[in-house]
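> Here is my input; please provide its structure:
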Amino acid sequence: MLHFPLPTAETAPEASRATLVAIEKAWGFAPNLMRTFANSPAVVQGAWGLLGAFQQTSFTPAERELVMIAASVENACGYCTAGHSLMGKGAGLSDTQIAALRAGEALDDARLEALRRFTTAVVARRGHVGEVELQAFLASGYAPPQVLEVVLGVAAKTLTNYTDHLASVPLDDAFQSAAWTPASRKAA
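Below is the predicted model:
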């Protein structure tokens, strides 16, 4: 496993600094994962761009965080599951919904459950989702462009989740209250 330095806006490579400043301005701090990305200007800029584009989708803030949590749980990423659990609460997901997402269990809202199931299927099957699952997602009230928007969210989470797996990014103090360990790691 690699251990990357966690540069700040002052110590990052010159081409990463403006992005770290933008992250700090938007979120109030630069999380360790974004600081890890800053070791490569292209990666921090790409991650910030993907996350920003996902914020422009037609999903509600709660739906966007649901996609982020569901993908992170399916990818067994403790770092991102913790961070997005807190952001999900701020976006309007209930404690019960967040607990169900973290456990990979059905949600109490049929439409949100359809989004969770579809997102999980996209991640688990690397996009090879069956026609039955696709039609179930659309029948729940989502539109065809939202299929692509789920893929965008999954792309952002693939970058973040895989980076955490490779770099074992330390969980920020701000996320400690929502720390999460994947079931696969609990058993090990």
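
> center of this structure - which residue?
residue 68 (3.3 Å; C-alpha atoms, centre = their mean).

> could you point out which element follows whatever helix or strand it lives in?
Following DSSP states H and E, one finds residue 68 within helix 61-74. Sequence-wise, the next helix or strand downstream of helix 61-74 (DSSP H and E) is helix 78-91.

> Next secondary structure element downstream of that next one?
Later in the chain than helix 78-91, the nearest helix or strand by DSSP H and E is helix 95-103.

> what's that following helix packed up against?
Other helices and strands packing on helix 95-103, by 3 or more C-beta pairs under 8 Å, 6 or more residues apart in numbering; DSSP states H and E, are helix 61-74, helix 78-91. Backbone N, C-alpha and C define where each C-beta goes, glycine included.

> Nearest to residue 30, out of those?
The closest of those to residue 30 is helix 78-91. By C-beta to C-beta, the value is 12.4 Å.

> So which bits of the closest one are buried?
Neighbour counts using 16 or more other C-beta atoms under 10 Å place 78-89, 91 of helix 78-91 among the buried residues.

> So what touches that helix?
31-33, 60-62, 64-66, 68-69, 72-73, 95, 97-98, 101-102, 157, 160-161, 164, 169, 171-172, 174-182, 185 (C-beta atoms under 8 Å, 6 or more residues apart in numbering).
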